[in-house]
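*Asks:* generate coordinates for the sequence data below:
(chains A, B and C, ligands or ions: 4)
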Amino acid sequence: MATEIINESLDDAHTDDHHDYKMTGIKRWLYTTNHKDIGTLYLWFAFIMFLTGGALAMVIRAELFQPGLQIVEPDFFNQLTTVHGLIMVFGAIMPAFTGFANWMLPMMIGAPDMALPRMNNWSFWILPFAFAILLSSFFMESGAPNFGWTFYAPLSTTYSNGSTAFFVFAVHIMGISSIMGAINIVVTIMNLRAPGMTYMKMPLFVWTFFITAYLLIAVMPVLAGVVTMLLTDTYFGTSFFDAAGGGDPVMFQHIFWFFGHPEVYIMILPAFGIVSTTIPAFSRKKLFGYSSMVYATSSIALLSFVVWAHHMFTTGMPLFGELFFMYCTMLIAVPTGVKVFNWVATMWRGSLSFETPMLFSIAFVILFTIGGFSGLMLAMTPVDFQYHDTYFVVAHFHYVLVTGSLFSIYAGAYYWLPKWTGHMYNDSLSKWHFWCSLISVNLLFFPMHFLGLAGMPRRIPDYALQFADFNKWVSIGGFAFGLSQLIFLAVVIKCIKGGKKAPAKPWDGAEGLEWTVASPAPYHTFSTPPKID
Amino acid sequence: MTTKKYESYYVPAQSHWPIVGAVALFMIAFGAGNYVSDNFGKNPTTDGYGGYLLLAGIALVIYMLFGWFQNVINESMAGKYSHQMDHSFRQGMSWFIFSEVMFFVAFFGALLYIRTFSVPWLDGAGNNEMTGAVLWPEFSATWPLLKTPDGTETTGMGWFGLPLINTVLLLTSSITAHFAHVALEQNKRPQLKAWLGLTIFLGLAFLFFQVLEYSHGYSDEMQLYLTSGVYGNTFYMLTGFHGMHVTLGCIMLIVMFFRILKGHFTPDSHFAFQAASWYWHFVDVVWVLLFVFVYIL
Amino acid sequence: MSRGNQNWLAGAWLFLGTIFSSSAWADTQLNLTEGVTAVSREVYELHMLVLYICTAIGVIVFGAMFWSMIFHRKSKGAKAADFHESTKVEILWTAIPIVILIAMAVPATSTLIDMENNDDSDVTIQITGSQWKWHYKYFDENIEYYSVLSTPREQYENQNGSFNGNGAHKGKNYLLEVDKPLVIPANKKVRFLITSDDVIHSWWVPAFAVKQDANPGFINEAWTNVDKLGIYRGQCAELCGKDHGFMPIVVEVKSPEDYDSWLNEQHQLTAQAADAEQAALSSSMSKEELMQLGEAIYMAHCAACHQPTGLGLPPTFPALKGSAVATQGIIADHISLVLNGKGMMPPFGKQLSLSEIAAVVTYERNSWGNDTGDIVQTSDVKAASEE
Ligand code: HEA
Ligand code: HEA
Ligand code: CUA
Ligand SMILES: [Cu+2]
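*Replies:* Ligands and ions are numbered 1, 2, ... in the order given. Here you go, the predicted structure:
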C-alpha cells in the first residue's frame, strides 16, 4: 500500500500548466475535466432523478391507495409507470454508480484522473439533455411514453402515442452516454493502475465496476439497435415486429431482454462492489474469499448473457427454449450465493461496529437475498406462469433494486461522504434515515408479494376489491419511504455545509488508497502514482 | 501481469468542447424527434422546425469535432502525450469499435431470428402449427421472403454483380489501408499518400456502387423497398447502416489524408491514423458477414 | 382545543378508520391459489417447495449473520480473527446450492413438459384478445362471441362518491365480471388457441395456472382440464394500453350435460339473431329506437376510446362531437369506417350486427350537439358492407 499522504498538485512539472486552476461558478461545472467534479455532478443528477422518479411513484401509490379511479386517467397512469421505471433505471441507479466510479476509481488505483477526461465530461453532460427530452414529452399533446419501461411492440409501434420518436432519440443519447462512460472506466482501469497494482490486487470495488463496464459496452448498443428498429417500425413502414410482413412481436422481446437482463446486473454488480468494501471495513477483517468473489462476479456477468428469455416464459417459446433458460437462470443463484456466503464469512468472528454505512450494508445483504430468492422462484418456468406480470414480480425487482442497489448506494455514500466533503455526516440524523427507510421500505414492498400471489396484475390503475387492504398499506409504506429519503437530502446538505472535521481515514477498519489522501480529497490526487508492493 | 510504469499522465484543462457537443446532441435528438413525428407520424404536418434544428445540431457537432480534435492534435504535436496516453486512446478506440460490433449484432440477430424462427413459424413450423393453418393459410415460407404473409411481393437481390464487385473493392481497400500503414511505419511518405489515396478511392467507389444497387432495388422491376416485409427491412437496414459506417470511415480517411499532407504523424506516433484504419478494417469485416448472410445465404 | 386541531384530529381518525375498516380482510388471500386442475396443483406444490427451501436457506444464512452481529461486535470487545479464505468451504458452498437447484429443477421440468403437451384435446377454443375485450370462438361449433367488462362505469369512475372506504358502492366482483363468460365443460381437456387482433395481451386464469400471451399474428397454445364446477376469474396480464386494467376473464365450468345444453341454446340464439337481422333489413326502426339501442352500443363498445361525452381523448382518440366524419361527411363513409376500422380504430363489422351498427351511427350523428338528424337503417349498413 502507499506509504505517504499525497496532497500536492501545484509542483508537478509534467502536467498541464493550468492544472491546479479551478474555475469558479457555473463554468467550473460545465467545462470540468476533473473526475471528482464529474463524479459530484453524476451523483447530484442521480439524486434529483431519484426524487423525480419517486415523485411519479408517489402519484402511482396515491392512485392505488383505494380501488376506483381517483386522481389520474388510465392512460396517464401508464405514462407514470413507464417514466418512473425509465427514470429510476437510467436516470437514478446507473448514473449514481457512474458517479461512484468517477469519484473513487482513480483514487483507488492511484491514477491522476480518468483516462479520457474530456470525454468524461461529455458523457455526463449529454445525460441531463436526454432526460429533458424524455420528460418534455409529458408536456406534449400526445403525452409521455405509455408502453412500460420495457416498451413491448406493437404497443410501442403501431399503437403508440405521438411521442415515440422523442423517446427513441432520448434512449439513443442515454446509450451513448453509458457507452462512453463505460469505455472510460475500462480504459482507466486497464491503463492507469499504479505500478505494482496487478489485476488481482485491485480492490473488489474496482473489479465490479470493471466487469460492469464491459457489460455496458456489450449491451447498450443492442438497446440502441432495438429502439432503432422500433423507430423504423413506427414511422418508416418496416415490419420487424409485425407478423404481416414476416416479423414477430416476440423478437422485440428477445432483443430487448438480451440487453435488459445484463442491464439488471449492471445495476447490482457495482452494489456488490460497494458492500464488499464496507463490510470488511466495519468487520475489521479482510474480505473473505477475494478471488472467489472475482470469479463469482465474472460468472454472473457471463451467465447474464444466456438467461434473457426468463422474462418471456409466457410468450409461447418452444419447450426446449423454456427449459434452457430456466436452467441457466437457476444457475445464477450459485455464484450469487458464493458472494452472500462470503459476506457472511467476512462478518463471522470479526469485530463488528454498526456505523450507518454498515447498517445499510447489512440490510442490503438480507433484503437483496430476499429479492434473489423471489428471483429464483420466478426462474421456475411452470410457476412463473402464475407469477408473471403480477405484483410478485414488482416485489422481486424492488427488493433487488431498492433495498439492493439503492441501499448499497446509501451505504457507499455514507462511507465516502467524509472523503468527499471533509466533514463527518450527522450521525443521529443518518440513523433516523436508516431506520425509517428500513421499516417503511418493507411495509412498501413486502405486501406486494401477497398481492401478486393473490393475483393482482401489474401496470393497472384500478383493481378488484380483494386487493384493497394490502394496497393501502403499501401506499402508506410508500409515502413514508418517500419522506424518509428527504432525511438523506438533509444529511448531505448539512455535511457539505459543515460538521465535524473528518480525518484522512475516519474508519479504523478501512483499507485502500483513497484513505491515504486528505479529507476532503484534494482536487488533484496522485499526479505521480503511489507505489504498491 | 504487471502494469507499465508511468511517470505522469496528461490531464487536460477545462474544455468547453464537451458541453458544446452535448448541446449539439440535444439539438440533433430533439430536432430529429420533431422532424420524424411531424413528417412520418400519424398526422403529418410540414410546418415543423425539427429539420432545421437537426441540421443546426449536425453543424454544431462538426464544429465541435474540429475544435476538439484541434486541441488534441495541438497537445499531441506539443509532445504532451506520454506513451500511456497513446495506450488510452488505442484502448478507447478498440472498445468503441467493439460497441459498434454489438450494434450490428442486434441487426444480425434480428436477421437470423427472422430466418430461422419467425418466417417458418408463420408457415406452421415447430410449435406454431395452428399459426400457419388458422391465421396465414396462404403463406409459405421462403428466403428471401418474396411474398409476405399479407401478400406484399418483391424480388431478391442476387449476390453476383454489384455486391460481388463491392466485396472485391472493399477487401482490396483493406489491404491498401494496411500497406499505407506499413508505409507510415517505415516513414515512406510518398507511398503512404498513394496507398491511402487508393484506399479512399476504393471506399468512394464502393459507396457509388451501393447507391447504384439501391436504385436498382427501388426500380419498378425489382420493387425491393425498405417496406417490402422483413426481407426488405433487413436488407436495407443492414446494408444501410453499413453504408453509413463506410461513409464515416471514408471521412476519417480523408481527414487523415489531409493531415498527412500537412506533415502530421510519425512512424511511432500516429494514433489517429491507426484508429481510422482499424475502423476501416472493422467496416470491411462487417461487409464480409453481410455478403455471406444477406446476399449469399 | 382549537378548531384547526379538531379538524386535524378528525382527519386522522378518518384516515385510520379507512385503514382498519377492513370489510374485505376476510377475503384477503396471502398465498398462491391451489386451483382446480391437476396442473395448477402441481404448480402450487412447486411454489411451496421453493418457498420452503428459500426460507430454510434464509434462516441459516441470516442466522449466521445475526449470530456474528450479536456475538462478534466490537462494543463487546470482540477481536477480529484473521482468516480470509478457505478453499474447502468455498467448494462446499458452491456444491450444495447446485444440488439443491437440481432437486428443484427435476419436478419443474416434468410439470413444464406436462403443461406443454397439447395433444388429444376434447374441445378447442380460439381466444382472441383485442383492445379491450376477449373474443371466444368454439372451433367445431360455429359459436363465437365477445366478452366485455360488465362493471358499470359509474363504479370505477367513482361517480357515486369516492374516498369513502373499501369500495363502498362497488359490486362484489368489481372489475372481475363480464357480460358473457367463456363456458367450458368439466373433466374434459380443453385446448386454447390464443392470439390477438392488435397488441399483445395475455390470457390468465389463476385457478387453471394458465397464462399465455396473445401475440398478434401468431397462435399460442395452452390447455386445461378442470375437475371442479364453478366460476373462475382472471385478468389480462400484459400491458395492452389504456384499459389493460379493465379486461377481465370469466370462465364458467359446467358439467358436460349442462355444457351440451348450453351449446344448444347458443346455436338457437345464433339462428334467432340471423333471423332478426333479416327482418331488420326489410323493416325500419324509429329514430327513438335507434337512439336508444345506439346509446347502449356506444357505451359498451365505443365509450372506452371516444368517451361517453363524445369528446374522445385527443390526439390519440379523436372526438366524435363535431367531427367531420360524424357531422358533415357522407353517411356511407361513416358506416364503412365503423365497419372496417382505420389505424388504431378497430373494425366492428365482425363484432356488431348490422342493425347495431345502424343504431350506433345514428346515435353518433345525433348526440352531444351533433344534429344532422340523419337516420341510418340496417339496410344502409348492409349496402355499405357489400361495397
Ligand atoms: C438489480 C436487479 C436485479 C437482480 C440482481 C435480479 C436477480 C435475479 N432475477 Fe430479476 N428482475 C429484475 C431485476 C433484477 N433481478 C427486474 C427489474 C425485473 C422485471 C423487469 C420487468 O419486467 O419490468 C426482473 C424480473 C425477473 C424475472 C421475470 C419475471 C417475470 O416477469 O415473470 C425472473 C425470472 O426468472 C427473474 C429472476 C432473477 C434471478 C434468478 C435473479 C438472481 O440473480 C438472484 C440470485 C440470488 C439469490 C438466489 C440469493 C442469494 C443466494 C443464496 C443465498 C444461495 C443459495 C440459494 C439457493 C440455492 C436457492 N427476475
Ligand atoms: C431502480 C429502480 C426503482 C426504484 C428506486 C423504485 C422506487 C419505487 N417504486 Fe418502482 N419501479 C421500477 C424501478 C424502481 N422503482 C421499475 C423498473 C418499474 C416497472 C415499470 C414498468 O412497469 O414499466 C417500477 C414500477 C413500480 C410500481 C408498479 C407500477 C405498476 O405496475 O403499475 C410501483 C407501484 O407501487 C412502484 C413504486 C415505487 C415506489 C413507491 C418507490 C419508492 O422507493 C420511491 C421513493 C422515493 C421518493 C418518493 C422520492 C423522494 C421524495 C420526494 C420527492 C418528496 C415527495 C414525497 C412525498 C409526497 C411522500 N414502482
Ligand atoms: Cu389486454 Cu392487457
Ligand atoms: Cu432478468
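*Asks:* so how far is ligand 1 from C:Tyr156?
*Replies:* 25 Å (C-beta to the nearest ligand atom, to the nearest Å). For glycine as for every other residue, the C-beta is placed from the backbone atoms N, C-alpha and C.
*Asks:* swap in A:Val338?
*Replies:* Remark: distance between A:Val338 and ligand 1 (C-beta to the nearest ligand atom) = 8 Å.
*Asks:* looks to me like that residue is in a strand.
*Replies:* No: judged by DSSP: H, G, I helix; E, B strand; the rest coil, A:Val338 forms no part of a strand; its state is helix.
*Asks:* where do the helices sit along chain B?
*Replies:* Along chain B, counting by DSSP state H, helices occupy B:17-40, B:50-77, B:83-113, B:119-122, B:129-130, B:162-185, B:189-217, B:229-261, B:271-290.
*Asks:* so for ligand 1, which of those helices sits nearest?
*Replies:* helix B:83-113 (19.5 Å; C-beta to the nearest ligand atom).
*Asks:* just checking that closest one against chain C, any contact.
*Replies:* No: residues of helix B:83-113 are not located near chain C by C-beta under 8 Å from any C-beta of the partner chain, the shortest gap being 13.5 Å.
*Asks:* averaged pLDDT, that helix. What do you get?
*Replies:* Helix B:83-113 carries an average pLDDT of 94.
*Asks:* helices and strands around that helix, which ones?
*Replies:* Secondary-structure packing of helix B:83-113 (3 or more C-beta pairs under 8 Å, 6 or more residues apart in numbering or on different chains; DSSP states H and E): helix A:164-191, helix A:204-235, helix A:249-266, helix B:229-261, helix B:271-290.
*Asks:* show me what counts as buried in that helix.
*Replies:* For helix B:83-113, the neighbour count (16 or more other C-beta atoms under 10 Å in any protein chain shown) marks B:84-93, B:95-111, B:113 as buried.
*Asks:* who in the stretch 1-150 of chain A is up against ligand 1?
*Replies:* Within the stretch 1-150 of chain A, the residues that sit near ligand 1 (C-beta under 6 Å from any ligand atom) are A:Thr150.
*Asks:* pick out the residue in the stretch 1-150 of chain A sitting closest to ligand 1.
*Replies:* Distances between the stretch 1-150 of chain A and ligand 1 by C-beta to the nearest ligand atom are smallest at A:Thr150, namely 5.4 Å.
*Asks:* quickly note the distance from the closest residue to that residue other than its chain neighbours to A:Phe407.
*Replies:* Nearest residue to A:Thr150, sequence neighbours excluded (C-beta to C-beta, 6 or more residues apart in numbering or on different chains): A:Phe256, at 6.3 Å. Counting by C-beta to C-beta, to the nearest Å, the gap from A:Phe256 to A:Phe407 is 27 Å.
*Asks:* more crowded one of these two?
*Replies:* Higher neighbour count among A:Phe256 and A:Phe407: A:Phe407, with 27 against 24, using other C-beta atoms under 10 Å in any protein chain shown.
*Asks:* rewinding a little: between the helices and strands packed on helix B:83-113, which gets nearest to C:Leu229?
*Replies:* helix A:249-266 (35.5 Å; C-beta to C-beta).
*Asks:* tell me what that closest one is packed against?
*Replies:* Partner elements for helix A:249-266 (3+ C-beta pairs under 8 Å, 6+ apart): helix A:204-235, helix A:290-303, helix B:83-113.
*Asks:* may I see those arranged in TSV, with distance to ligand 3 as well?
*Replies:* Output for these, formatted as TSV (distance: least, C-beta to the nearest ligand atom, whole Å):
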stretch	distance to ligand 3
helix A:204-235	20
helix A:290-303	31
helix B:83-113	25
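*Asks:* quick one, which of those helices gets closest to C:Val210.
*Replies:* Of all these, helix B:83-113 sits nearest to C:Val210, with 26.5 Å by C-beta to C-beta.
*Asks:* mean pLDDT added to the helices and strands packed on helix B:83-113, as JSON lines?
*Replies:* Listed next are these as JSON lines, based on pLDDT from 0 to 100:
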{"stretch": "helix A:164-191", "mean pLDDT": "96"}
{"stretch": "helix A:204-235", "mean pLDDT": "96"}
{"stretch": "helix A:249-266", "mean pLDDT": "97"}
{"stretch": "helix B:229-261", "mean pLDDT": "95"}
{"stretch": "helix B:271-290", "mean pLDDT": "94"}
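*Asks:* can I get the ones you listed in JSON lines including distance to ligand 1?
*Replies:* Formatted as JSON lines, the helices and strands packed on helix B:83-113 follow (distance: least, C-beta to the nearest ligand atom, whole Å):
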{"stretch": "helix A:164-191", "distance to ligand 1": "16"}
{"stretch": "helix A:204-235", "distance to ligand 1": "12"}
{"stretch": "helix A:249-266", "distance to ligand 1": "4"}
{"stretch": "helix B:229-261", "distance to ligand 1": "26"}
{"stretch": "helix B:271-290", "distance to ligand 1": "32"}
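*Asks:* can you redo those as CSV with distance to A:Ile487?
*Replies:* Formatted as CSV, these follow (distance: least, C-beta to C-beta, whole Å):
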stretch, distance to A:Ile487
helix A:164-191, 29
helix A:204-235, 26
helix A:249-266, 28
helix B:229-261, 49
helix B:271-290, 49
